[in-house]
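Q: Sharing a model prediction with you, sequence too.
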Amino acid sequence: MSCYDRCYRPCGPTPLANSCNEPCVRQCQDSRVVIEPPDVVVTLPGPILRSFPQNTVVGSSTSAAVGRILSCEGVPIN
């Protein structure tokens, strides 16, 4: 079975905080069935597979721990 992607380009350029939902669609070729007798050709549309991956990017251009120890739930982060 031959398939091809019809996905959108990723969100960009990436800012310091970015959240996007990138729908993706994959179209596969149609299937054909021959029914006998008498000969009849039935074309079944190929499946379309969809997904909606979500991506979140968070960053900073400066240190978040100015004068303090950066920690997560009391555990220092190096």
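A: Alright, I've got the coordinates.
Q: For Gln27, grab the count of nearby residues.
A: 15 (other C-beta atoms under 10 Å). Every C-beta, even on glycine, is put in place using the N, C-alpha and C of the backbone.
Q: Show the subsequent helix or strand relative to the one helix or strand it maps to.
A: Taking DSSP states H and E as the definition, Gln27 sits inside strand 24-28. Going down the chain from strand 24-28, the next helix or strand is strand 31-35, by DSSP H and E.
Q: other SSEs contacting that next one?
A: strand 40-44 (3 or more C-beta pairs under 8 Å, 6 or more residues apart in numbering; DSSP states H and E).
Q: The strand it packs on vs strand 31-35, what angle?
A: Our comparison of strand 40-44 with strand 31-35, counting by axes from the mean of the first three to the mean of the last three C-alpha atoms, to 10 degrees, yields an angle of 160 degrees.
Q: Could you check how far Asp39 is from Arg32?
A: According to C-beta to C-beta, to the nearest Å, Asp39 and Arg32 sit 12 Å apart.
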